[in-house]
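>>> Coordinates only, no sequence provided:
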C-alpha cells in the first residue's frame with residue numbers, strides 16, 4: 001500500500017493561526033478535488049473541526065493504555081515509603097496514603113518500594129479517538145481524559161487511525177498542538193513536510209525555532225508562513241534573515257483581517273465565507289507554493 005503523504009502544521013506557541021492555515025488547506029484542497037484526511041493532534045483542546053464548519057461524529061473509540069497506582073489498605077502497614085518515594089506529589093498523607101489519580105503518572109515507583117506488596121498498577125482510560133465527517137474531509141481527533149499525561153501516545157494512535165482511513169486519499173494534514181511537547185513531537189516524527197506558522201514577534205520565533213529544530217532532528221523538510229505580518233512590518237526583514245540562517249524557505253505572508261475570526265465564529269471556512277478577499281488570495285498562494293514544494297521533493301506525484 002502506497003504511503004499517503006503527511007503534512008504537519010505547527011507553531012511552537014498558541015494563537016499564531018496554525019489551525020486557520022490547517023483548516024484552509026483542507027477545505028480549499030477538497031473543493032479542488034483532492035481527497036484529504038485531517039488530524040487534530042491537539043488532544044487537550046481540539047478545534048480543527050470548528051474551522052471546517054463542524055461535522056458529524058461517525059465513530060468513537062476509548063483507549064485504555066495508561067496506568068495508575070491503587071492501594072490495598074488491608075495490606076498497607078502505613079510505613080510511608082510510597083509517600084516519600086512519589087516525586088509527582090500524587091500521594092498525600094492523611095492518616096494513610098491517598099493517591100490523587102489525576103496526578104499519578106503510573107511510573108510504578110510506589111509499587112516497587114512498598115514492603116507490603118499493597119500497591120498495584122491498573123489500566124485506566126487515556127482518552128477517546130473520534131472520527132468526524134465534515135463537508136470537506138474526515139477528521140480524526142482525540143480527547144485526552146482529564147489528568148492523563150500520555151498525549152504523545154494518543155497522537156500516535158490518531159495518526160494510525162488516519163492512515164487507516166486514507167487509503168484513497170491524496171494527503172493527510174495534521175494540525176499539531178501548540179508548543180514543543182510530546183504531542184508536537186509525535187505529530188512531526190515520520191511526516192513528509194513540516195509547515196511552521198509564526199507571527200512577527202520575538203516570542204513567536206523562539207517557539208518556532210524549537211519546532212524547526214525538532215523537524216531538522218528527524219530530517220523533515222520545513223517551510224515557514226508568517227501570519228499577521230502587516231501588524232509589525234518592521235520585523236519582516238528580521239524574519240527573512242532568521243529563516244535564511246535556519247535554512248528554511250518562507251512560503252508566504254498572511255495579512256491580518258477580522259474576517260478570519262468572523263468566519264470561525266460563523267462556522268464557515270474562509271474559502272467559502274470570503275473567497276475573493278485578500279487574505280484568501282494570500283492563503284491560496286501559500287497553498288500553491290506548498291504543493292509545488294511537495295511535488296519538487298517527490299512527496300506528491
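All right, it came through fine. All values reported here derive from a predicted model rather than from experimental measurement.
>>> in whichever strand or helix holds residue 288, what's buried?
In this assignment (DSSP states H and E), residue 288 forms part of helix 278-296. When burial is assessed from 16 or more other C-beta atoms under 10 Å, helix 278-296 yields the following buried residues: 279-280, 282-284, 286-287, 289-291, 293-294. Glycine gets a C-beta too; all of them are placed from N, C-alpha and C.
>>> quick one: the strands in the protein?
Applying DSSP state E to the chain gives strands spanning 6-10, 36-40, 56-63, 66-71, 91-93, 97-99, 119-124, 127-133, 138-144, 171-175, 193-198, 222-227, 249-254.
>>> Turn those strands into CSV, including mean pLDDT and mean neighbour count.
Below are the strands of the chain laid out as CSV (pLDDT from 0 to 100; neighbours: other C-beta atoms under 10 Å):
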stretch, mean pLDDT, mean neighbour count
strand 6-10, 97, 27
strand 36-40, 98, 27
strand 56-63, 95, 12
strand 66-71, 92, 20
strand 91-93, 96, 15
strand 97-99, 96, 18
strand 119-124, 93, 15
strand 127-133, 95, 20
strand 138-144, 94, 24
strand 171-175, 97, 27
strand 193-198, 97, 26
strand 222-227, 96, 24
strand 249-254, 96, 19
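>>> Dump those strands to TSV, plus distance to residue 151.
Shown next, in TSV, are these (distance: least, C-beta to C-beta, whole Å):
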stretch	distance to residue 151
strand 6-10	15
strand 36-40	12
strand 56-63	12
strand 66-71	11
strand 91-93	23
strand 97-99	21
strand 119-124	15
strand 127-133	8
strand 138-144	5
strand 171-175	14
strand 193-198	19
strand 222-227	23
strand 249-254	28
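>>> wait, which of the ones you listed is closest to residue 182?
With respect to residue 182, and counting by C-beta to C-beta, the nearest of these is strand 138-144 at 11.3 Å.
>>> Walk me through which strands the closest one pairs with, and which way each runs.
As defined by DSSP bridges, the strand partners of strand 138-144 come to strand 36-40 (parallel), strand 127-133 (antiparallel).
>>> before we move on, the earlier item: strand 171-175 and the helix holding residue 288, what's the angle between them?
Counting by axes from the mean of the first three to the mean of the last three C-alpha atoms, to 10 degrees, helix 278-296 points 130 degrees away from the direction of strand 171-175.
>>> to the chain's geometric centre, what's the distance from helix 278-296?
Using C-alpha atoms, centre = their mean, to the nearest Å, the mean C-alpha position of helix 278-296 is found 21 Å from that of the whole chain.
>>> For residue 191, give me its contacts.
The neighbourhood of residue 191, defined by C-beta atoms under 8 Å, 6 or more residues apart in numbering, consists of 6-8, 174, 220.
>>> Quick check: residue 7 touching residue 171?
Yes. With the criterion set as C-beta atoms under 8 Å, residue 7 and residue 171 qualify as a contacting pair; they are 6.1 Å apart.
>>> can you redo the strands paired with strand 138-144 as a markdown table with distance to residue 237?
Conversion of the strands paired with strand 138-144 to a markdown table gives the following (distance: least, C-beta to C-beta, whole Å):
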| stretch | distance to residue 237 |
| --- | --- |
| strand 36-40 | 34 |
| strand 127-133 | 42 |
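>>> So which of those is nearest residue 238?
Within these, the stretch nearest residue 238 is strand 36-40; the backing value is 31.8 Å (C-beta to C-beta).
>>> in the stretch 101-250 of the chain, which ranges drop under the pLDDT threshold?
Per-residue confidence for the stretch 101-250 of the chain (pLDDT under 70) gives these ranges: 147-150.
>>> tell me which residues form a beta bridge with residue 253?
Listed beta-bridge partners, residue 253: residue 226 (assigned using DSSP bridges).
>>> pretty sure residue 142 is touching residue 132, no?
No. Assessed by C-beta under 8 Å, residue 142 is found out of contact with residue 132, at 11.6 Å.
>>> Between the buried residues of helix 278-296, which sits nearest residue 41?
residue 290 (18.4 Å).
>>> If we ignore the residues flanking it in sequence, what's nearest that closest one?
residue 251 (5.9 Å; C-beta to C-beta, 6 or more residues apart in numbering).
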